[in-house]
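*Asks:* Sequence first, then the predicted structure, then my questions.
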Amino acid sequence: MKKAVKDKMECDEMEGESMYKGKVKFTRDQLVFMVEASITAAFDRIEAGLPTSGISPKERQELMHLKKPTDFGAWDNAALETCGMTLGILYAQLTGDGLGIGDTIDFAPKRFKSIRQRAEDFIHKSIKNNGKEDDDIIPDVHGLSKAWTNEIFKDYLNPKFEG
């Protein structure tokens, strides 16, 4: 059998199968860590276009073609969408269910803002403070990550879940 045909057959057999091949489920702490790392990475990427990285509000506005420096631009959106894709893939692979990019970043756990809202607040604060050194460069998103994980992965974390 030709290699290409054999490879296609193997891919067809794997369709619907999870990329995760571990023998045990992820723990809540492991999921919180992965969620927090994904959100922090997105915020770190967004920060590269903010005054804390040495870009003035005017430069941000010009470089990103924004009406005003606090607007959410394509750069910011790409960072958040990458986070949304990562978390959506993690969710789908572990649960067998889908979670879209928008659902991922626009979901607001109880008592928390969504990932997108936190990013918008981060941008506004950085522009308002013009990158002063006493600013938190990247916001602490541990609480958001924990609440997000608890609500999104509630069924997965249930001991009776068989995904």
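*Replies:* Nice, thanks for sending it over.
*Asks:* The spatially most central residue of the chain: what's it in contact with?
*Replies:* Nearest to the geometric centre of the chain sits Cys83, at 2.5 Å (Cα atoms, centre = their mean). Cys83 makes contact with 38-39, 41-42, 104-105, 115 under the criterion Cβ atoms under 8 Å, 6 or more residues apart in numbering. C-beta here means a position set from N, CA and C on the backbone, and glycine is covered the same way.
*Asks:* Equivalent analysis for Ala48, please.
*Replies:* Counting by Cβ under 8 Å, 6+ apart, Ala48 has contacts Trp75.
*Asks:* Over to Phe107?
*Replies:* 114-115, 148, 151-152.
*Asks:* Quick one: buried ones out of those?
*Replies:* Using 16 or more other Cβ atoms under 10 Å as the burial test, those include 114-115, 148, 152 as buried.
*Asks:* Check which residues of the helix or strand hosting Ile46 are buried.
*Replies:* Per DSSP states H and E: Ile46 is located in helix 28-47. Using 16+ other Cβ under 10 Å as the test for burial, helix 28-47 gives 31-32, 34-36, 38-40, 42-43, 45-47.
*Asks:* can you give me the mean pLDDT across the helix or strand just after that helix?
*Replies:* Sequence-wise, the next helix or strand downstream of helix 28-47 (DSSP H and E) is helix 57-63. The pLDDT scores in helix 57-63 average 91.
*Asks:* so the following helix or strand past helix 57-63 versus helix 28-47, what angle?
*Replies:* Note on helix 57-63: by DSSP H and E, the next helix or strand toward the C-terminus is helix 74-95. Here helix 74-95 runs at an angle of 160 degrees relative to helix 28-47 (axes from the mean of the first three to the mean of the last three Cα atoms, to 10 degrees).
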